[in-house]
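Trainee: Would you be able to build a 3D model of this:
(2 chains)
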Amino acid sequence: MKDEIIYLDNAASSKMDEEVFEAMKPYMLDNFAVATSDFAYSMGVEAKEALNDAREKIAGEIGASPDEFIFTSCATESSNLALKGVAEKLSDDGDHIIVSDIEDFPVLNTAKSLEKKGFDVTYLDVDGEGFVDLDMLEDSISEDTVLVSIQHGNQEIGTLQDIEKIAEICEKNDVLYHTDATHTFGRVPIDVNEIPVDLITVSAHTIHGPRGIGGLYIREGTPLKKQMDGGFQENDLRAGVENIPGAVGFAKAVELIDEEENERIKGLRDNLIEGLIDEVHDVMLNGPKERRTPQNANITFHYVEGESITLHLDMRGIAVSTGSACFSKSLEASHVIMGIGGDHERAHGSVRFTFGRFNTEDQVEEVVEATSDIIQKLRDISPLGKEKEE
Amino acid sequence: MENAPYTEKVIEYFQNPKNVGEIEDPDGYAKEGSPACGDMVSLFIKVDDDTHEITDIKFKSYGCASNIATGSIITEMAKGKTIEEAKNITWQQAAEELGGLPDMKTHCSVLAVDALREAIRNYEERHGIGGEKRETTLEVVRKRLRHVMNPMTGLDVIKTNLISDIEVEDGKITIEVDLEEDHQFASAVKEDIKEKLEPRWDVKEVNVIFVGD
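Mentor: Okay, here's the model as predicted:
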């Protein structure tokens, strides 16, 4: 491994910003109190203020009031609470929920778990670029439908769903709408005053914040059953001692992101896609060209396998991920690539590059060069695609 | 990296694979796996007809690191051995030679070993040696079809019930496949079936019929 790595797996997790760390430090070493009531010792009161300030900052990012935002341990917990919380609370009204085929595992596997408990789940197909068909969504809503959960930005191929239209359809049909915004929060604006979405999952570690802290926006009045019993923290919806350093770090991470940075990341991403298409033949972009998250590029290199590509890149100090079955612990190919109508071969050679704050233009050049070289090397030993090259 | 999944030797062979390429007019050839279901290895051998020694061997891989490394080590191990000796090279030996492979990567690395055995079998079939010119019976056909992958599942076509009927008569084999003729994998499956059966010394014709609806 090289000393300095080029990290392009920011969708998996991102490097914590030092300013975030500095903001958290006092709440780990100096103020270690729980967020007590206003009438306790001063360290507890200060802790509570810090927690509330953080809540206000993060809620404000999506135009929500602080009362509508709770902290959780991660995006997975947030989505579990949203789906199970609504489904269980409203089980007398209906037992049907709708999710898309290409949701990330927190939503997908929570839906599957609810299905095992007897709920009826519709998994909506997506088109070749990963978009949900809005007519199909509307047709799928029945009298028994209580919740729709369709993500904002896709974790693998970056597809940005039209959450405004989806939310309007749900509102019109009197169905609650949850969206997993783990890969858009901070990167693509969402305003809950403009979009009638009821629940939003967010996370800190994908935007250079700490791990171990996530959040859930819950529109006022949304019925939700608490999932973990214990104390009355977080509006009595999420028991457990609050992670104050995490919350403070999360707020700092939100503060540090701006539109300029998102534009810069998008520029790097576009240069990478362009560079790879120019330098390497027989490649295809997975996901849409336009309506995609600014940090995501996902490319299939035909005739070669993704784990081999990532391993070679790793040896040159470049960290990326792949949808290849060989790469996953389960040996299953990416359900997202398969979901957009791809076959195993397309998933097999797919590589995801996701950008963050610390990536540079020089890195893009280096990655294009290294990738091009590696693909050539692997194609030389591949039994496929020979006829195309001649 | 202490906890890296691959040993240094695997990485070495992955980075600088040995015996990569193709042999024109090989004496034996095999292709195992399929691009649709994951890894694929093709392997070529030259065999001395008198000594039955493998004089040259080359492979190509569309696969992960363990697939490439195993292809590399297995070709090194087989070179210079007689086909009888080479047939007995096991996956365990190859894995040992590489200093070990992750358990979950067994499937990808076994392919290379299968390819070697299949290439030898292909040589034997062409020359009618081994198994005293064994007749291609229904049982033999079924056995051969276990090496044809069902691209939709990554398992073989027998195990996944993709074959609905097999007839063998006077060297003429007719196989019914439970797929629609215009199915995206139909031609790949057909080609794979023919490749596995046609080289046999007593097979005159292989017909693949698609009966899916």
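Trainee: Pull up the per-residue confidence for residue 156.
Mentor: Answering for chain A, as no chain was given. pLDDT, residue A:156: 96.
Trainee: should've been chain B
Mentor: On pLDDT, residue B:156 comes in at 83.
Trainee: Shouldn't residue B:11 be within a helix?
Mentor: Yes - going by DSSP: H, G, I helix; E, B strand; the rest coil, the assignment for residue B:11 places it inside a helix.
Trainee: from memory it sits against residue B:66, does it?
Mentor: No - Residue B:11 is not in contact with residue B:66 according to CB atoms under 8 Å; the separation is 10.6 Å. C-beta coordinates here come from the backbone N, C-alpha and C atoms, glycine included.
Trainee: Please compare those two by neighbour count and tell me which comes out ahead.
Mentor: When residue B:11 and residue B:66 are compared for neighbours, residue B:66 comes out ahead with 30 against 16, by other CB atoms under 10 Å in any protein chain shown.
Trainee: Report the contact partners of the more buried one.
Mentor: Taking CB atoms under 8 Å, 6 or more residues apart in numbering or on different chains, we find residue B:66 in contact with B:6, B:10, B:101-102, B:105, B:108-109.
Trainee: okay, now the domains of the chain?
Mentor: No chain was given, so I picked chain A. Annotated domains of chain A cover A:6-13+A:258-389, A:63-241 [automatic domain parsing].
Trainee: wait, I meant chain B there
Mentor: Domain assignment for chain B, taken from automatic domain parsing, gives B:8-127, B:138-210.
Trainee: Now do the helices in chain B.
Mentor: Remark: helices assigned in chain B by DSSP state H are B:8-15, B:65-78, B:83-87, B:91-97, B:106-127, B:138-145, B:186-197.
Trainee: now the stretch 151-300 of chain A
Mentor: Counting by DSSP state H, counting those that start in this stretch, the stretch 151-300 of chain A has helices at residues A:163-172, A:233-236, A:244-256, A:259-279.
Trainee: among those, which is nearest chain B?
Mentor: Taking CB to the nearest CB, helix A:259-279 is the member of those nearest to chain B, at 19.8 Å.
Trainee: Could I get the buried residue list for that closest one?
Mentor: Neighbour counts over helix A:259-279 (16 or more other CB atoms under 10 Å in any protein chain shown) mark A:261-262, A:264-266, A:268-269, A:271-273, A:275-276 as buried.
Trainee: try stretch B:201-210
Mentor: Buried residues in stretch B:201-210, counted by 16+ other CB under 10 Å: B:203, B:206, B:208, B:210.
Trainee: and which of these is nearest chain A?
Mentor: Closest approach between these and chain A, by CB to the nearest CB: residue B:210, at 18.7 Å.
Trainee: just the helices of chain B: most buried one?
Mentor: helix B:65-78 (a mean of 27; mean count of other CB atoms under 10 Å in any protein chain shown).
Trainee: Distance from the chain centre to it, please.
Mentor: 14 Å (CA atoms, centre = their mean, to the nearest Å).
Trainee: quick one: low-confidence parts of the chain?
Mentor: Looking at chain A here, since you left the chain open. A:1-3, A:38, A:325-331, A:386-390 (pLDDT under 70).
Trainee: my bad, chain B
Mentor: Where chain B drops to pLDDT under 70, the residues are B:1-4, B:35-38, B:130-133, B:154.
Trainee: Run a quick neighbour tally on the residue nearest to residue A:8 when sequence neighbours are not counted.
Mentor: Leaving aside its sequence neighbours, residue A:8 sits nearest to residue A:353 (CB to CB, 6 or more residues apart in numbering or on different chains; 4.4 Å). Using other CB under 10 Å, residue A:353 has 28 other residues around it.
Trainee: host element of residue A:353?
Mentor: strand A:350-354 (DSSP states H and E).
Trainee: That strand packs against which elements?
Mentor: In terms of contacts (3 or more CB pairs under 8 Å, 6 or more residues apart in numbering or on different chains; DSSP states H and E), strand A:350-354 is packed against strand A:296-301, helix A:306-315, strand A:321-322.
Trainee: List the contacts of that strand.
Mentor: Residues contacting strand A:350-354 (CB under 8 Å, 6+ apart): A:8-12, A:156-157, A:269, A:272, A:286, A:295-301, A:306, A:309-310, A:320-324, A:334, A:337, A:342, A:367, A:371.
Trainee: and which of the buried residues of stretch B:201-210 is nearest residue B:79?
Mentor: residue B:203 (29.8 Å; CB to CB).
Trainee: Touching, that closest one and residue B:194? I think so.
Mentor: No - between residue B:203 and residue B:194 there is no contact under CB under 8 Å: 9.8 Å.
Trainee: still on that earlier bit, reformat the helices of the stretch 151-300 of chain A as TSV; add distance to residue A:90.
Mentor: Shown next, in TSV, are these (distance: least, CB to CB, whole Å):
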stretch	distance to residue A:90
helix A:163-172	14
helix A:233-236	18
helix A:244-256	29
helix A:259-279	36
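Trainee: Format the domains of chain A as a markdown table; extra columns: distance to residue A:22.
Mentor: Output for those, formatted as a markdown table (distance: least, CB to CB, whole Å):
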| stretch | distance to residue A:22 |
| --- | --- |
| domain A:6-13+A:258-389 | 16 |
| domain A:63-241 | 12 |
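Trainee: so which of those gets nearest residue B:172?
Mentor: Checking the domains of chain A against residue B:172 by CB to CB gives domain A:6-13+A:258-389 as the closest, at 30.1 Å.
Trainee: circling back: list the beta-bridge partners for the residue nearest to residue A:8.
Mentor: Under DSSP bridges, the beta-bridge partners of residue A:353 are residue A:297.
Trainee: Chain B versus that one, what's the distance?
Mentor: To chain B, residue A:353 is 19 Å away according to CB to the nearest CB, to the nearest Å.
Trainee: Next: residue A:231.
Mentor: For residue A:231, the distance to chain B equals 38 Å [CB to the nearest CB].
Trainee: Check residue A:114 too.
Mentor: As judged by CB to the nearest CB, residue A:114 and chain B stand 27 Å apart.
Trainee: Could you do residue A:73 as well?
Mentor: 26 Å.
Trainee: That residue contacts residue A:214, correct?
Mentor: Yes - with contacts counted by CB under 8 Å, residue A:73 reaches residue A:214, the gap being 6.4 Å.
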